[in-house]
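S.K.: need coordinates for the following:
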Amino acid sequence: MPALHRLLLLLALLSPAAHAADDGWPAARAGDTAFDPARLRALDARLGDGSLKQLTGVFVVQRGQPVYERYFNGADADTLHDVRSATKSVTALLVGAAIDRGKLPGVQDRVYDRFPEFLARHPVDPRLRATTLADLLTMSSQWECDDENPFSTGNEERMYVTERWLDFALALPVKGYAPWMRKPADSPHGRSFAYCTAGSFVAGAVVERAVGQPLPEFAADALERPLGIVRSQWNRSPEGIGMGGGGTRYRSRDLAKFGQLVLDQGRWHGKQVISASYIAAMTREQAKANDEAEYGYQWWRMHFDVAGRDVAAWAMSGNGGNYVLVVPERQLVAVITSTAYNQRNGHIASREIFRELLAALR
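M.R.: Coordinates of the predicted model:
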């Protein structure tokens with residue numbers, strides 16, 4: 001074998017894509033895809049010019065085949081990215097796993113019934129007593145909880161400084177509606193949306209109670225190991241409950257598996273990991289989040305203008321510009337990770353990268 005040939009082979013074996021067989025993905029390649037090679041090269045040059053100081057990775061899969069993988073600003077294929085609120089979408093998948101295993105009867109399970117010790121100590125308004133898991137998953141409970149409002153009783157920053165997050169959430173008051181606010185009866189799908197991380201935390205706590213297992217352990221058993229994910233990090237509340245609302249860490253290649261799972265109706269390598277019926281409900285419009293997006297079960301439906309055409313993508317979304325985006329009709333999954341936490345430009349930059357990826361599709 002010529003020396004140059006041996007060197008090129010060695011470099012290929014040392015590349016991140018060469019170890020794809022270890023995690024279930026085939027080797028990445030740029031050929032034989034629906035991407036315009038010239039536009040993909042142009043995007044690659046822009047991403048690599050050093051101007052996006054907090055971008056850490058872009059990993060793209062099309063038709064089940066990795067087609068683009070780049071890491072930036074000190075990250076690599078083994079980096080565990082803190083994807084913040086994208087965790088919520090993983091928690092939604094774990095709800096489906098618990099339902100599939102018969103541990104939960106369905107998303108209409110009543111939340112307070114899972115915490116009788118709280119009910120024994122605290123009176124609960126009947127309107128809140130009727131809260132269901134679906135209310136939490138769609139961000140439409142009647143708790144006065146809105147992370148977008150710094151004055152909200154249930155704002156997540158208030159929860160973080162308390163000793164018992166579960167009691168904080170379950171004790172939240174009933175939401176009131178100012179004259180300019182839309183009530184549930186007047187809202188799409190009968191749900192008044194307000195982004196509430198405390199609700200996502202409680203959803204994870206409900207799963208813990210139902211399965212009799214800490215949330216990180218159940219995630220490993222029901223979701224991560226079936227997907228070939230061997231490394232992750234989960235946060236816990238001060239009282240030891242798995243944090244289903246944010247802060248998990250995954251590799252980009254593993255985050256893409258969640259997107260591919262949704263794309264393939266709950267299957268991974270032909271095995272049904274989450275039931276197709278639950279995936280369909282999770283990625284169905286259940287609430288109107290804002291003028292630009294709809295919401296399923298802790299998955300966003302976002303819209304991107306590409307040459308005057310609306311392209312919708314189901315998305316995991318987290319602070320800092322962290323995304324897993326899925327476009328079923330194009331068989332596309334894109335993972336974009338960034339550390340621009342609490343900076344509006346992080347989301348803007350990541351969405352623009354995805355828009356350019358969509359524009360590069362032929």
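S.K.: and the helices in the stretch 151-300 of the chain?
M.R.: Using DSSP state H, counting those that start in this stretch, the helices of the stretch 151-300 of the chain run over residues 156-160, 165-170, 197-211, 215-219, 252-263, 276-282.
S.K.: and the stretch 1-150 of the chain, by the same measure?
M.R.: Under the criterion DSSP H, counting those that start in this stretch, helices of the stretch 1-150 of the chain are mapped to 3-14, 20-23, 37-47, 87-100, 116-121, 126-129, 133-137.
S.K.: okay, those in TSV with distance to Tyr297 and mean neighbour count next?
M.R.: Glycine gets a C-beta too; all of them are placed from N, C-alpha and C. Shown next, in TSV, are those (distance: least, Cβ to Cβ, whole Å; neighbours: other Cβ atoms under 10 Å):
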stretch	distance to Tyr297	mean neighbour count
helix 3-14	40	10
helix 20-23	26	14
helix 37-47	32	14
helix 87-100	4	25
helix 116-121	24	11
helix 126-129	20	13
helix 133-137	4	25
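S.K.: ok, Gly131 to Val107 distance?
M.R.: If you look again at residue 131, you'll see it is Thr, not Gly. Relative to Val107, Thr131 is positioned 12 Å away (Cβ to Cβ, to the nearest Å).
S.K.: circling back: out of the helices of the stretch 1-150 of the chain, nearest to Pro179?
M.R.: Of all the helices of the stretch 1-150 of the chain, helix 126-129 sits nearest to Pro179, with 20.0 Å by Cβ to Cβ.
S.K.: dump the residue contacts of Asp264.
M.R.: Going by Cβ atoms under 8 Å, 6 or more residues apart in numbering, Asp264 touches Gly64.
S.K.: quick one on the thing from earlier: make a markdown table from the helices of the stretch 1-150 of the chain and add distance to Leu332 and mean pLDDT to it.
M.R.: Formatted as a markdown table, these follow (distance: least, Cβ to Cβ, whole Å; pLDDT from 0 to 100):
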| stretch | distance to Leu332 | mean pLDDT |
| --- | --- | --- |
| helix 3-14 | 25 | 34 |
| helix 20-23 | 18 | 68 |
| helix 37-47 | 13 | 94 |
| helix 87-100 | 17 | 99 |
| helix 116-121 | 43 | 98 |
| helix 126-129 | 40 | 98 |
| helix 133-137 | 25 | 98 |
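S.K.: quick one: which of those is nearest Phe72?
M.R.: Taking Cβ to Cβ, helix 37-47 is the member of those nearest to Phe72, at 6.9 Å.
S.K.: which strands or helices does that closest one pack on?
M.R.: strand 65-71, helix 344-359 (3 or more Cβ pairs under 8 Å, 6 or more residues apart in numbering; DSSP states H and E).
S.K.: hey, which of these is tucked in deepest?
M.R.: The highest average neighbour count among the helices and strands packed on helix 37-47, using mean count of other Cβ atoms under 10 Å, belongs to strand 65-71 at a mean of 20.
S.K.: partners of that strand in the sheet?
M.R.: strand 55-62 (antiparallel) (DSSP bridges).
S.K.: for the chain, give me the ranges with low pLDDT.
M.R.: Within the chain, the segments meeting pLDDT under 70 span 1-21, 29-32.
S.K.: from the chain's centroid, how far away is the lengthiest strand in the chain?
M.R.: Taking DSSP state E as the criterion, the chain has its longest strand at strand 309-318. Its chain's average C-alpha position is 12 Å from that of strand 309-318, according to Cα atoms, centre = their mean, to the nearest Å.
S.K.: again with stretch 354-362
M.R.: Worked out by Cα atoms, centre = their mean, stretch 354-362 lies 21 Å from the chain centre.
S.K.: residues contacting it, please?
M.R.: 34-36, 39-40, 43, 46, 60, 68, 304-307, 311, 313, 323, 325, 327, 330, 332, 334, 336.
S.K.: now, of those residues, which are buried?
M.R.: 35, 40, 43, 60, 68, 304, 311, 313, 323, 325, 327, 332, 334, 336 (16 or more other Cβ atoms under 10 Å).
S.K.: find the nearest non-adjacent residue to the first one, please.
M.R.: Using Cβ to Cβ, 6 or more residues apart in numbering and skipping the chain neighbours, the partner closest in space to Phe35 is Ala360 (5.1 Å).
S.K.: again with the fifth one
M.R.: The shortest distance from Tyr68 to any residue that is not its chain neighbour, by Cβ to Cβ, 6+ apart, is 4.1 Å, and that residue is Val60.
S.K.: where's the one you found relative to Arg182, distance?
M.R.: 37 Å.
S.K.: then Gln260?
M.R.: As judged by Cβ to Cβ, Gln260 and Arg182 stand 36 Å apart.
S.K.: and for Thr248?
M.R.: Counting by Cβ to Cβ, the gap from Thr248 to Arg182 is 32 Å.
S.K.: the more surrounded of those two?
M.R.: Using other Cβ atoms under 10 Å, the more surrounded residue of Thr248 and Arg182 is Thr248, with 28 against 12.
S.K.: could you verify my assumption that the more buried one touches Gln233?
M.R.: Yes - counting by Cβ atoms under 8 Å, Thr248 does reach Gln233; the two are 6.5 Å apart.
S.K.: tell me which of the helices and strands packed on helix 37-47 sits nearest to Val95.
M.R.: The stretch from the helices and strands packed on helix 37-47 with the least distance to Val95 (Cβ to Cβ) is helix 344-359; that distance is 25.4 Å.
S.K.: all set, thanks.
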